[in-house]
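Student: Sequence first, predicted coordinates after that:
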Amino acid sequence: MRTPVSASMSLFLAALLVAACASGSPAQTAPSAATSTTTATAVPSGEVSPSGTAGPFSATDIAWLQLTVAMNERLLPVLDMVPSRTTDPAWRTFAARLAAAHRADLGTARRLLAESGAPATNPHEGHDMPGMVTEQELTALRSVTGVAFQRLVGQHVRAHLQQAVRIATAEQRSGVYAATTALATEVVRVGGTELARLDRLDRPPRA
Amino acid sequence: MDRAAPLSGTHRWLRLATAIGALLVLLGTYVVSTTERADAAPVANAIRVAEFPADCTYSHRLPDDPIIFPGLPGASHMHSFFGATVTNANTTLPDLVNSPSTCNPRVDVSSYWVPTLYRDNVPVEPAIATFYYLGEGVRSDVVANTQPFPLGLRLVAGNAKAAGPNDSIARWSCLHAGHVPPSKNFVNCPSGTMLESYLDFPQCWNGRDLDSPDHKSHLAYPVNQACPSTHPVHVPKLRQVLRYPVTGDPSRFRLASGPGYTMHGDFFNAWPVAEMARRVQDCIRPVIKCGHDGRPI
């Protein structure tokens, strides 16, 4: 086992040294020649593609769309709880308007994702990301009504909107596909307006 | 005249051939003596484990993930970064190549990141973070054909969304307390030990993509001790070993991604091509345990 390796190694090095002597700088040529030979056999370089994404959508566009879908899917059931848990008309109106905007954005994001050719499976499904209501928090929401419910739902909606605006702002800056960055602009605009409304409905916690 | 010329030509050729021959003999002697030294000496005492390590201390924390959420700072749960000190949501390969590193060896400017561990909601960083590059889990002829990770390859391991231990390849154990059975979730380590996390990355590459839309499918785990035909290129098996300076009640621990079984790791390869290739050639293929310098121990 050892002998053939050693022999072929010797031949290989001899070939390298001859080549190195021919070029006149053995010390510098030999090591780089050795490594480039190794890597040339290693991978079909030049055929390596930087990423699996193709077309006009960038990796940022797709990641943001997937995350937007996941976040909206998580928020909608929370907003839909509002009419059955509070009689306050201001809260009901707020939740209904927010839910309508989020449903519309969800539809647009799904359509753009389909257009991008990204996998239909949502990589963030069932995953608690910043700004998302967890299963535990959802259970807590189901156990309260009235003012207690409003306080809790206000916290969740605020966390969601702040995170949505944060990442949509990043998509505006780093995104590529026009329809996707346009949706991000809309999320930032509506998010800002709704956060201001939420502040009037439910005072933000002091920082 | 017509004959003289070829005769003297032959003469000159003979002299040249003799000189070349002598040179080759000299070269041959040199090559044999150096290869015997470089080759035989380490193997005689070599530890027959295909391995080279990078030890990379904690660098920084950010709610960023340049693989899963590229260009979207703040989109992720909190990550702890090791290796390259510059990594954030916008990091690309040139950023890493030019970055300082927390790794031993310093030449490893790759970026490694994991969800942050919290104890009573206070972040805890590993006291020791070792990234082993191994040739194991496949047949010896597959190990002998291991190829270096291509520059810029992005790899993920583990399941950040695991809903339970069955969805997970995480492994938690205790350093210096082998009697505590390993688990996919946090374990209760006796005081004086450390909580350990082991995670193995996939080692079969499709030979084409540095990333994929789901960030996973360009790599695969071996099947029956070999790489599947869809992912035929065997690369080193990256094993992430983190030692956290915490012990005791596991209910006080959580990861930024959730319970212990949501442990995952991300790797963005930025090893200089020659350094990675040398280690694969000198340590992994011949099954020799190497140190941080990539030389036999």
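Tutor: Noted; the coordinates are in hand.
Student: Show me what secondary structure element comes after the helix or strand bottoming out on mean pLDDT in chain A.
Tutor: Taking mean pLDDT, DSSP states H and E as the measure, chain A has helix A:26-42 as its least confident helix or strand, at a mean of 33. Per DSSP states H and E, the first helix or strand lying C-terminal to helix A:26-42 is helix A:59-85.
Student: Report the next helix or strand after that following helix in sequence order.
Tutor: Assignment by DSSP H and E places the next element after helix A:59-85 at helix A:89-116.
Student: Report all helices and strands that that next one contacts.
Tutor: Secondary-structure packing of helix A:89-116 (3 or more C-beta pairs under 8 Å, 6 or more residues apart in numbering or on different chains; DSSP states H and E): helix A:59-85, helix A:146-174, helix A:178-201. Where C-beta positions appear, they are placed from N, C-alpha and C, glycine not excepted.
Student: and the angle from it to helix A:146-174?
Tutor: Here helix A:89-116 points in a direction 30 degrees away from that of helix A:146-174 (axes from the mean of the first three to the mean of the last three C-alpha atoms, to 10 degrees).
Student: hmm, who's touching whatever helix or strand comes next after helix A:89-116?
Tutor: Note on helix A:89-116: by DSSP H and E, the next helix or strand toward the C-terminus is helix A:135-142. Contacts of helix A:135-142 with the rest of the structure, by C-beta atoms under 8 Å, 6 or more residues apart in numbering or on different chains, involve A:77-78, A:81, A:85, A:133, A:149, A:152-153, A:156.
Student: So chain B: which segments form each domain?
Tutor: The record assigns chain B these domain ranges, following automatic domain parsing: B:1-45, B:48-284.
Student: where exactly do the helices run in the stretch 101-250 of chain B?
Tutor: Remark: helices assigned in the stretch 101-250 of chain B by DSSP state H, counting those that start in this stretch are B:140-143.
Student: Please report how far the residue of it found nearest chain A lies from B:F131.
Tutor: Residue nearest to chain A within the stretch 101-250 of chain B: B:S212 (3.6 Å; C-beta to the nearest C-beta). According to C-beta to C-beta, to the nearest Å, B:S212 and B:F131 sit 22 Å apart.
Student: give the contact list for the nearest residue to B:D95 once chain neighbours are set aside.
Tutor: Excluding its sequence neighbours, the residue lying closest to B:D95 (C-beta to C-beta, 6 or more residues apart in numbering or on different chains) is B:V86, at 5.5 Å. By C-beta under 8 Å, 6+ apart, B:V86 lies in contact with B:95-96, B:98-100.
Student: Name the member of those that has the highest neighbour count.
Tutor: B:L96 (24 neighbours; other C-beta atoms under 10 Å in any protein chain shown).
Student: okay but B:V138 is in contact with B:Q203, surely?
Tutor: Yes - judged on C-beta atoms under 8 Å, B:V138 makes contact with B:Q203 at a distance of 7.3 Å.
Student: Between the two, tell me which one has more neighbours.
Tutor: B:Q203 (28 against 21).
Student: neighbours of B:L199, just the number please.
Tutor: 19.
Student: I'd guessed it sits against B:D266; true?
Tutor: No - look at B:L199 against B:D266 with C-beta under 8 Å: they stay out of range, at 10.5 Å.
Student: helix, strand or coil for B:F52?
Tutor: Under the three-state scheme (DSSP: H, G, I helix; E, B strand; the rest coil), B:F52 adopts strand.
Student: Show me what it bridges to in the sheet.
Tutor: Beta bridges link B:F52 to B:Y133, judged by DSSP bridges.
Student: which residues touch it?
Tutor: Taking C-beta under 8 Å, 6+ apart, one finds B:132-133, B:279, B:283-284, B:289-292, B:294 in contact with B:F52.
Student: rerun at 7 Å
Tutor: Contacts for B:F52 were tallied using C-beta atoms under 7 Å, 6 or more residues apart in numbering or on different chains; they are B:133, B:279, B:283, B:290, B:294.
Student: Including secondary structure and distance to A:T169, could these go into JSON lines?
Tutor: Below are the contacts of B:F52 laid out as JSON lines (DSSP: H, G, I helix; E, B strand; the rest coil; distance: C-beta to C-beta, whole Å):
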{"residue": "B:Y133", "secondary structure": "strand", "distance to A:T169": "39"}
{"residue": "B:R279", "secondary structure": "helix", "distance to A:T169": "42"}
{"residue": "B:C283", "secondary structure": "helix", "distance to A:T169": "46"}
{"residue": "B:C290", "secondary structure": "strand", "distance to A:T169": "46"}
{"residue": "B:G294", "secondary structure": "coil", "distance to A:T169": "44"}
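Student: So how do I select the buried members of the residues you listed in ChimeraX?
Tutor: Command for ChimeraX that selects the buried part of the contacts of B:F52, burial taken from 16 or more other C-beta atoms under 10 Å in any protein chain shown:
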select /B:133,279,283,290,294
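Student: Check the contacts of B:F52 against chain A and report the nearest one.
Tutor: For these, the nearest to chain A is B:R279 (10.8 Å; C-beta to the nearest C-beta).
Student: Those residues of the stretch 101-250 of chain B touching chain A, which are they?
Tutor: Along the stretch 101-250 of chain B, the residues adjacent to chain A under the rule C-beta under 7 Å from any C-beta of the partner chain are B:147-148, B:150, B:152, B:160-161, B:163, B:207-214, B:218, B:233.
Student: A:R85 and chain B: what is the separation?
Tutor: According to C-beta to the nearest C-beta, to the nearest Å, A:R85 stands 27 Å off from chain B.
Student: ok, back up a step: in JSON lines: the contacts of helix A:135-142, plus neighbour count, distance to A:L98 and pLDDT.
Tutor: Below are the contacts of helix A:135-142 laid out as JSON lines (neighbours: other C-beta atoms under 10 Å in any protein chain shown; distance: C-beta to C-beta, whole Å; pLDDT from 0 to 100):
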{"residue": "A:P77", "neighbour count": "12", "distance to A:L98": "13", "pLDDT": "95"}
{"residue": "A:V78", "neighbour count": "21", "distance to A:L98": "10", "pLDDT": "96"}
{"residue": "A:M81", "neighbour count": "17", "distance to A:L98": "12", "pLDDT": "96"}
{"residue": "A:R85", "neighbour count": "20", "distance to A:L98": "15", "pLDDT": "96"}
{"residue": "A:V133", "neighbour count": "22", "distance to A:L98": "14", "pLDDT": "90"}
{"residue": "A:F149", "neighbour count": "21", "distance to A:L98": "15", "pLDDT": "96"}
{"residue": "A:L152", "neighbour count": "18", "distance to A:L98": "16", "pLDDT": "95"}
{"residue": "A:V153", "neighbour count": "25", "distance to A:L98": "11", "pLDDT": "96"}
{"residue": "A:H156", "neighbour count": "21", "distance to A:L98": "12", "pLDDT": "96"}
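Student: so where's chain A uncertain?
Tutor: Applying pLDDT under 70 to chain A picks out residues A:1-54, A:120-121, A:123-127, A:204-207.
Student: rerun that using 90 as the cut-off
Tutor: A:1-55, A:117-131, A:134-136, A:202-207 (pLDDT under 90).
Student: how's it carved up into domains?
Tutor: Residue ranges for the domains of chain A, per automatic domain parsing: A:2-42, A:59-201.
Student: Please identify the deepest-packed of those.
Tutor: When the domains of chain A are scored by mean count of other C-beta atoms under 10 Å in any protein chain shown, the highest mean neighbour count falls to domain A:59-201 (a mean of 18).
Student: Stretch B:166-179: end-to-end distance?
Tutor: End-to-end distance of stretch B:166-179: 23 Å, with C-alpha to C-alpha, to the nearest Å as the criterion.
Student: repeat for stretch B:115-125
Tutor: 10 Å.
Student: if I look at the closest residue to B:V287 other than its chain neighbours, how far off is chain A?
Tutor: In space, and not counting its chain neighbours, B:V287 is closest to B:A50: 4.4 Å by C-beta to C-beta, 6+ apart. Remark: distance between B:A50 and chain A (C-beta to the nearest C-beta) = 15 Å.
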